[in-house]
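>>> give me a 3D structure for the following:
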Amino acid sequence: MSPWTSAVGAVQLARLLQSQHTREATALPGGRRLPAYRALADGVRLLVLEGRVPVAARLPAERELAAALQVSRTTVAAAYEALRGEGFLESRRGAGSWTAVPAGRPLPARGLDPLPPEAATSVIDLGCAALPAPEPWLTRAMTGAIEELPPYARTHGDYPAGLPVLRQALADRYTARGIPTMPEQIMVTTGGMGAVAATCRLFVRPGERVAVESPSYANVLQLMREAGVRLVPVAMAAGLAGWDLPAWRQVIRDAAPRMAYVIADFHNPTGALAGDEQRRALVDAARSAGTVLVADETMAELVLDGAEDGPAMPRPVSAFDPAGGTVVTIGSASKSLWAGMRIGWVRAAPDVIRSLVAARAYVDLGTPVVEQLAVTWLLNTGGWDSAVALRREQARENREAVVSAVRKHLPDWEFTVPRGGLTLWTRTGGLSGSRIAEVAERLGVRVPSGPRFGVDGAFEGYVRLPFTVSGAVAEQAASRLADAARLVATGAAVEADLPRSYVA
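Numbers count the residues shown, from 1 in each chain. The predicted model follows:
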């Protein structure tokens, strides 16, 4: 098996280098400029750290890149040698050269576990993109569920495919969205993560390749790592433009991944929204290669701009797979309703659902009945739409507060405000996101650093900020992050140098 998982062409790499928004200095004291090879090596290194060129991506041959950049081959050879010396490039005769990260570099992988509620009095927890329940709808749903419980309580309580009434309600909701769906195409799971895990177990064996957006959802990346799959990162398009389709086509063609995992709707962490034509093109490419395309719709209903009279939302990814043989859809109540409502689901072809259900006998048997009845009550009474409207209002208010606070306290941090979702993907002014996160936690605010959302060390210059706080708390969080950034920038980020009021 090749040591690299994707490839970057000479023209593509030249374009990335030439359009690169970099803070790396190109001039030295006295007006002297960096040698050309050093500037090239620094440019490639930054592309790797920002995730715009994936780790384990094969780079073009020296002669090809020299021609694309219109520089000498000696310049490219010297840049490659410098990158090898720094640990950002590996080479093997006959296999070429591919990107890497230095051995021993601390790479946060898992997402941040939520702090216990009692810790909220001393630490502002921005580690999880989750909001409190939209009351009174949670209470009403649970009350309705208890009223419907007696006939289910007289059974054994195990429903591997999910309660028939919930499968029907979910199928009806897909049909109302223009995706004709039967209950036999739905399996209810324990949260969206349960749905992803079940799908991964069914389709992918250890050692097989799975293409993922770069960056992507930290917990899913970790789930797949622990399943033993080979992650193939595909860089997102610039800004919030969705997917880089040429890059996806190349990865699907060259790496032949068994499965691809994507978040088309308000991507976590960037907030990007893929358009209709991007969705159609990616489904077509996956179908042609025999790749199973897993579309995570967890954030799909969190439309914060244009929900009523603005631009229409793109069609679901499954709309471009009418035969149902390519796309598997993941849904969840955790973002639209409440993370404590551990109800997720898979929508797929009936034969896929049957295989998933059969596999539950040795995993978890089924999903809690009361929570399923609560979601059914919401879907069948209109309570779901009312709860989602409340959730949107809360997320919109929080988004405005977080954006305003960051712009005020951290004016050199860069981001693009997304139309929806719960996350702001923020470039940290050229500083290490991992160091900022480390220091910020000692100052009383938790944030996940960029490398948690990348594969093997990418996105060092980013942090993710969720829309989970507002008002004075958002101001305080941004102020503490600004303090952390100043300490990192001055090299004073050790406990002995922290202000006395911050040291526990």
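>>> which residues of the stretch 151-300 of the chain fall in strands?
Counting by DSSP state E, counting those that start in this stretch, the stretch 151-300 of the chain has strands at residues 186-189, 209-214, 230-235, 259-262, 292-296.
>>> keeping just the C-alphas, turn the fourth one into PDB.
By that I understand strand 259-262. Output of strand 259-262 as PDB, limited to C-alpha atoms (Å, rounded to 0.1, in the frame of the first residue of the first chain):
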ATOM      1  CA  MET A 259     -16.500   5.600   2.100                       C
ATOM      2  CA  ALA A 260     -16.600   9.400   2.300                       C
ATOM      3  CA  TYR A 261     -18.000  11.400   5.300                       C
ATOM      4  CA  VAL A 262     -19.200  14.900   4.600                       C
END
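>>> within the sheet, what are the partner strands of it, with directions?
strand 209-214 (parallel), strand 292-296 (parallel) (DSSP bridges).
>>> any idea which helix or strand comes after the worst-scoring helix or strand of the chain on mean pLDDT?
Least confident element among the helices and strands of the chain, by mean pLDDT, DSSP states H and E: strand 6-7 (a mean of 79). Going down the chain from strand 6-7, the next helix or strand is helix 10-18, by DSSP states H and E.
>>> what residues sit buried inside that following helix?
Neighbour-count burial for helix 10-18, counted by 16 or more other CB atoms under 10 Å, picks out A10, Q12, L13, A14, L16, L17. In short, each C-beta sits where N, CA and C put it, glycine included.
>>> does the fifth one touch V53 like I think?
Looking back up the chat, that one is L16. Yes. When contacts are counted by CB atoms under 8 Å, L16 is listed as touching V53 (6.6 Å).
>>> list the residues that contact both of those two?
When contacts are counted by CB atoms under 8 Å, 6 or more residues apart in numbering, L16 and V53 have V8, L47 as shared neighbours.
>>> for this protein, what's the longest helix?
Longest helix in the chain, counting residues (DSSP state H): helix 383-409.
>>> sorry, back to before: I'd like the buried residues of helix 10-18 as a markdown table, with pLDDT and distance to R480 appended.
As requested, the buried residues of helix 10-18 are exported to a markdown table (pLDDT from 0 to 100; distance: CB to CB, whole Å):
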| residue | pLDDT | distance to R480 |
| --- | --- | --- |
| A10 | 89 | 45 |
| Q12 | 86 | 40 |
| L13 | 89 | 39 |
| A14 | 89 | 41 |
| L16 | 83 | 34 |
| L17 | 86 | 36 |
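>>> quick one: which of those is nearest R399?
L16 (30.0 Å; CB to CB).
>>> what mean pLDDT does stretch 465-484 have?
Averaging pLDDT along stretch 465-484 yields 96.
>>> can I get it in PDB, CA atoms only?
This file holds the C-alpha atoms of stretch 465-484, laid out as PDB (Å, rounded to 0.1, in the frame of the first residue of the first chain):
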ATOM      1  CA  LEU A 465     -15.700  29.100  18.800                       C
ATOM      2  CA  PRO A 466     -19.300  27.800  19.200                       C
ATOM      3  CA  PHE A 467     -22.400  30.000  19.500                       C
ATOM      4  CA  THR A 468     -23.200  28.900  23.000                       C
ATOM      5  CA  VAL A 469     -22.700  32.100  25.000                       C
ATOM      6  CA  SER A 470     -24.100  35.600  24.800                       C
ATOM      7  CA  GLY A 471     -24.000  39.000  26.500                       C
ATOM      8  CA  ALA A 472     -21.400  39.500  29.300                       C
ATOM      9  CA  VAL A 473     -20.300  35.900  29.100                       C
ATOM     10  CA  ALA A 474     -19.300  36.300  25.400                       C
ATOM     11  CA  GLU A 475     -17.400  39.500  26.300                       C
ATOM     12  CA  GLN A 476     -15.600  37.800  29.100                       C
ATOM     13  CA  ALA A 477     -14.700  34.700  27.000                       C
ATOM     14  CA  ALA A 478     -13.300  36.900  24.200                       C
ATOM     15  CA  SER A 479     -11.400  39.000  26.800                       C
ATOM     16  CA  ARG A 480      -9.800  35.900  28.300                       C
ATOM     17  CA  LEU A 481      -8.900  34.600  24.900                       C
ATOM     18  CA  ALA A 482      -7.200  38.000  24.100                       C
ATOM     19  CA  ASP A 483      -5.200  37.700  27.300                       C
ATOM     20  CA  ALA A 484      -4.200  34.200  26.300                       C
END
